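S.K.: Give me the fold of what follows.
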Amino acid sequence: MRTPLVLLGTAAFALQAAAAVPEKVTFEDHVLPILQNACNNCHNPDKKKAGLDLTTYGGALLGSDGGKVVLPGDAAASLLLKCVKGTEEPVMPPKGDRLNANDIAILERWIATRALESLNSKGAPVANNVAAAAVSLTRPSGPPPMPGKLPTGPVVDTPHSNALIALAASPWSPLMAVGGQKQVLLYHADTLELLGVLPFPEGLPTILRFSRNGELLLAGGGVGAKSGKVALWKITNGERIATLGNEVDQVLAADLSPDQTTVILGGPNRLLKFFSTTDGKLIRTIKKHTDWVTALAYSADGAYVASADRAGGITVWESATGAEALTLPGHKTAVNALAFLPGLLVSAGQDGTVVLWDIAEGKERKKWAAHVGGCEFVDFTADGRIVTCGRDKVAKVWDQTGKALLTTQPLTEIALRAVLSGDTVMAGDWNGKVQAFLLADGGKPFGEVRVAPAAK
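M.R.: Okay, here's the model as predicted:
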């Protein structure tokens with residue numbers, strides 16, 4: 001089939017534009033000349049239309065009366081780029097010729113590569129775009145957040161699945177998140193349909209958490225003994241709105257505060273680190289644990305945060321001050337997971353037990369043997385049920401008295417993660433096989449999902 005000349009011309013123009021973009025774009029050498037030609041007649045120190053001055057590097061990063069227009073590291077979400085592309089109002093420039101493809105490509109490269117000021121600069125800190133949320137202990141009003149039209153192709157197409165070490169269920173939506181190599185997969189909990197793939201180029205996700213209102217998803221992970229990060233996405237549109245931390249090892253545990261202003265993370269360095277989601281800055285570091293930090297969780301009201309380690313220690317902290325509130329000596333070996341409900345904390349240990357704690361009294365309310373050989377994971381549902389899994393290859397659902405409501409049929413290997421969404425249990429094992437079970441069906445699997453989506 002012959003390609004129309006107009007398409008060939010368009011493709012050639014795009015290639016020329018790409019070729020004309022320098023590998024290292026700076027404000028001084030490349031961006032300022034574009035702005036001076038197209039934007040600075042209105043956005044200068046004298047006129048400063050909409051409170052925006054684009055004549056200096058600092059002014060460009062400061063933004064307008066409506067907020068930041070440049071988000072270093074996130075070109076797609078930057079208002080400046082949206083306006084010059086004409087995808088969002090106000091279209092810029094409002095009069096005269098629009099920016100050509102090469103100029104737009106230069107602006108896009110500049111923002112994506114952390115908005116360098118000059119060839120010798122290190123670039124601006126990656127900008128975050130996280131809005132604070134009201135703290136509520138009840139179901140939010142309105143329809144539950146679900147993904148819109150998101151990409152479903154693989155970021156990495158792997159012939160073999162990795163062990164399933166990151167799994168989460170939305171508290172209000174029939175939605176589950178599954179961690180794969182350099183990606184997070186979103187599945188419908190009832191139909192098992194793949195709804196979207198979120199890139200996590202930092203490495204392997206080791207922890208996934210939905211926000212308390214179900215609107216955001218947190219992923220922590222990285223590359224063992226090399227690097228670690230935490231990322232936040234909006235569920236509805238897949239927009240990555242924050243990147244936090246700069247660890248020298250994988251992030252093993254992390255959680256987002258209910259008001260969405262703070263992320264806490266931990267890992268092999270034995271430290272607890274609190275980061276602001278607004279600007280990504282480190283707020284506080286706590287050194288207490290004597291072994292790897294393996295689990296973290298914020299209380300439902302955000303007043304406390306609990307941390308646990310590989311030596312069996314559990315500590316509850318006042319989240320506002322970092323002051324130690326409680327020490328809970330409930331496990332003899334590693335604590336693998338923590339989860340909160342209002343007033344209650346549940347922990348899962350390598351000793352095979354699950355412990356339910358009364359936070360107000362600082363006492364153990366209930367303890368029971370859950371999995372022979374070790375309990376690998378525990379989670380609360382919004383209605384107060386508890387789901388666990390372990391080295392005996394099964395997942396279980398419990399009430400708060402320790403009564404088993406369901407035991408699944410055995411998985412193919414050690415069950416590493418299990419969550420409950422509505423009446424669907426999703427459990428994944430060491431072989432990377434992720435199976436779905438219905439509570440009403442006595443623990444029989446009704447389907448499975450992939451840790452890596454099939455290439456199209």
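
S.K.: can you give me the strands for the stretch 51-200 of the chain?
M.R.: Using DSSP state E, counting those that start in this stretch, the strands of the stretch 51-200 of the chain run over 167-169, 175-180, 183-188, 194-199.

S.K.: who are the neighbours of the last one, in terms of helices and strands?
M.R.: Spelled out, it's strand 194-199. Other elements packing on strand 194-199 under the criterion 3 or more CB pairs under 8 Å, 6 or more residues apart in numbering; DSSP states H and E are strand 183-188. Where you see a C-beta, it was placed from the backbone N, CA and C, and this is true even at glycine.

S.K.: what is the mean pLDDT for the strand it packs on?
M.R.: The average pLDDT within strand 183-188 is 96.

S.K.: What lies in contact with it?
M.R.: If you take CB atoms under 8 Å, 6 or more residues apart in numbering as the criterion, strand 183-188 is touched by 147, 150, 154-156, 166, 174-179, 193-200, 205, 208, 217, 219, 233, 235, 426, 449-453.

S.K.: where in the chain is pLDDT low?
M.R.: For the chain, the stretches flagged by pLDDT under 70 are 1-19, 455-456.

S.K.: can you pull out the strands in the stretch 351-456 of the chain?
M.R.: Under DSSP E, counting those that start in this stretch, the stretch 351-456 of the chain gives strands at 353-358, 363-369, 375-380, 386-390, 395-398, 404-407, 415-421, 424-429, 434-438, 445-449.

S.K.: returning to that earlier point: which among the strands of the stretch 51-200 of the chain is found nearest to G402?
M.R.: strand 167-169 (21.5 Å; CB to CB).

S.K.: Direction included, what does that closest one pair up with?
M.R.: In the sheet, strand 167-169 lines up against strand 175-180 (antiparallel) (DSSP bridges).

S.K.: Could you check the angle the strand it pairs with makes with strand 415-421?
M.R.: With axes from the mean of the first three to the mean of the last three CA atoms, to 10 degrees applied, the angle from strand 175-180 to strand 415-421 works out at 160 degrees.

S.K.: Tell me how far strand 175-180 lies from the chain's centre.
M.R.: 11 Å (CA atoms, centre = their mean, to the nearest Å).

S.K.: ditto for stretch 97-111
M.R.: With CA atoms, centre = their mean, you get 30 Å for stretch 97-111.

S.K.: How about stretch 86-95?
M.R.: The answer for stretch 86-95 is 31 Å, by CA atoms, centre = their mean.

S.K.: Count the neighbours of the residue nearest to P93 when sequence neighbours are not counted for me.
M.R.: Leaving aside its chain neighbours, P93 sits nearest to A38 (5.1 Å; criterion: CB to CB, 6 or more residues apart in numbering). A38 has 20 neighbours, counted by other CB atoms under 10 Å.

S.K.: same check, this time on S118
M.R.: There are 10 residues near S118, going by other CB under 10 Å.

S.K.: quick one: contacts for it?
M.R.: 26-29 are the contacts of S118 under CB under 8 Å, 6+ apart.

S.K.: And the furthest pair within those?
M.R.: Farthest pair in these, by CB to CB: F27 and D29, 7.8 Å.

S.K.: need the helices for the stretch 1-150 of the chain, in chain order.
M.R.: 5-19, 32-38, 57-62, 79-85, 101-112 (DSSP state H, counting those that start in this stretch).

S.K.: Summarise which helices and strands the second one is packed against.
M.R.: Helices and strands touching helix 32-38, as assessed by 3+ CB pairs under 8 Å, 6+ apart, comprise helix 101-112.

S.K.: Can you give the contact residues for the helix it packs on?
M.R.: Counting by CB under 8 Å, 6+ apart, 13-14, 16-18, 20-22, 25-27, 30-31, 34, 38, 70-75, 78, 80-81, 84-85, 99, 116 sit against helix 101-112.

S.K.: Now that helix: buried residues?
M.R.: Of the residues in helix 101-112, 102-112 count as buried by neighbour count, 16 or more other CB atoms under 10 Å.

S.K.: Next: stretch 130-150.
M.R.: Buried, per 16+ other CB under 10 Å, within stretch 130-150: 130, 133, 140, 144-147, 150.

S.K.: any idea where the helices of the stretch 201-350 of the chain begin and end?
M.R.: Applying DSSP H, counting those that start in this stretch to the stretch 201-350 of the chain gives no helices.

S.K.: before we move on, back to that, please check the contacts of S118 and keep the buried ones.
M.R.: Neighbour-count burial (16+ other CB under 10 Å) is assigned, among the contacts of S118, to 26-27.

S.K.: any chance of the contacts of S118 in CSV, with distance to I283 too?
M.R.: Output for these, formatted as CSV (distance: CB to CB, whole Å):
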residue, distance to I283
T26, 31
F27, 29
E28, 33
D29, 35
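
S.K.: Pick the one among the contacts of S118 closest to V346.
M.R.: F27 (50.4 Å).

S.K.: Pull the contacting residues for that closest one.
M.R.: 57, 60, 110, 115-118.

S.K.: Looking at the residues you listed, which is nearest D441?
M.R.: Among the contacts of F27, and counting by CB to CB, the member closest to D441 is A115, at 53.4 Å.

S.K.: my guess is that closest one meets V69, correct?
M.R.: No: at 11.2 Å, A115 does not count as touching V69 under the criterion of CB atoms under 8 Å.

S.K.: More neighbours: which of these two?
M.R.: Neighbour count, other CB under 10 Å: between A115 and V69, A115 has more, with 27 against 22.
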